[in-house]
Every structure is written in C-alpha cells, then in structure tokens.
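Engineer: below is the sequence, then the predicted model.
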Amino acid sequence: MRHAKSSWKDIDASDFERGLTKKGRKNIETIGSYLKLRGTVPDLVLSSCALRAQETADLLVRKLASESPVNYMRELYFTDTDILKEIIMMQDASHDTIFVVGHNPQITDMANMLMDEHISKIPTMGIAAITFDIDHWGDIGQSSGKLDFFIYPKQFQYYIPNQIRAVLHKNT
C-alpha cells in the first residue's frame, strides 16, 4: 500500500518529515473500514520510516484493532524494487498477511513485478492486495501473485456502501 495523503504546508519540513493531511487521515478511516469488512488484518506491517508512512501504518493498525507488530524500516524509504522484494522474501513464514507501507513509484513497481496484472499508479492510500500460493515468503517470484483487490479512496468519493458507512460511524 501507498501511504495516505501527506501535507506540503510546512515548507521547512524535509520530504522525510512530512505528516498526513486531514483528508489523508479520513482516507485511512474509509480504507480501514473496507479492510475490516473484508476481514483483512495483517500479521505483520512493514513501513517506511518516513513520517507519513509511519502515521499511515499506525492509524490503520489502530483502525483494524490489530495487535500486529509494525516494523519501521529506513530501507523502505524510496528503495530499489529488488531490495523491497528481498525484504519481503526474508519475512517469517508464520506471517500469512503482510502489509507493506511505502512510496511511489517503488510500491507500484513492486506490485507490478509480483503479478501479471498491471496497475499504472497506486494513488495515496491505495492498496494492491496480492495473494501468493506459497509456503514461504522466500518463494515469491516475479509474476507469481494474483491481484485479490485494488482499492483506493476515490472509489468512495461519491458513494460509500452502507456497510462501510456503518463501520465509520460506529467508530466515531
């Protein structure tokens, strides 16, 4: 997944220090409600240590009421897609569902590397959920995954299904 929408208001903040906007936080709520309805909860979260990615990971884990550990990794901040793939491949097989919170273009390139489908660009707070028929993360290979779903906030811009609306209002 790509981090939620970040702020450019503080002109003195470095790219690494940019936090989330109010809209970004709202989008986490919406996407989190969707994931909650699907029953999609991570066993592990790997996040870039850039502030906007950390905030995205933390707020999403909280929204999902997950006890998942979150590992903040400098290596996920604008890294090479091969290194990103290696990081995923090194994860323990006990983790069935791993969320990776990163940045574009690397997160889009990674998704496209791991499946036959093509996504032109993962927008902010967009998620490309890819499933693999593997026993160990080290077994993921190029084009070995299948796209389970691709979701992003603008899909809910004009219409929020009643089930998601109910989950959003229940938690506010």
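Structural biologist: Good, I have the coordinates.
Engineer: what sits opposite residue 6 in the beta ladder?
Structural biologist: residue 20 (DSSP bridges).
Engineer: so what's the residue count around residue 53?
Structural biologist: 28 (other C-beta atoms under 10 Å). Where C-beta positions appear, they are placed from N, C-alpha and C, glycine not excepted.
Engineer: which residues touch it?
Structural biologist: Residue 53 is in contact with 3, 47, 72, 76-77, 101-103, counting by C-beta atoms under 8 Å, 6 or more residues apart in numbering.
Engineer: which of those sit farthest apart?
Structural biologist: Farthest-apart pair in those is 72 and 103; separation 13.5 Å (C-beta to C-beta).
Engineer: which residue ranges form the strands in this protein?
Structural biologist: 44-48, 70-73, 98-101, 127-131, 146-151 (DSSP state E).
Engineer: looking at the contacts of residue 53, which has the most residues close by?
Structural biologist: Neighbour max across those (other C-beta under 10 Å) = residue 101, 30 neighbours.
Engineer: with adjacent residues omitted, what lies nearest to that residue?
Structural biologist: The shortest distance from residue 101 to any non-neighbouring residue, by C-beta to C-beta, 6 or more residues apart in numbering, is to residue 47 (4.0 Å).
Engineer: partner residues bridging the one you found?
Structural biologist: In beta-bridge terms (that is, DSSP bridges), residue 47 pairs with residue 72, residue 101.
Engineer: just to revisit the earlier point, turn the strands of the chain into JSON lines, columns for mean pLDDT and distance to residue 58.
Structural biologist: Shown next, in JSON lines, are those (pLDDT from 0 to 100; distance: least, C-beta to C-beta, whole Å):
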{"stretch": "strand 44-48", "mean pLDDT": "97", "distance to residue 58": "8"}
{"stretch": "strand 70-73", "mean pLDDT": "96", "distance to residue 58": "7"}
{"stretch": "strand 98-101", "mean pLDDT": "97", "distance to residue 58": "10"}
{"stretch": "strand 127-131", "mean pLDDT": "97", "distance to residue 58": "16"}
{"stretch": "strand 146-151", "mean pLDDT": "96", "distance to residue 58": "20"}
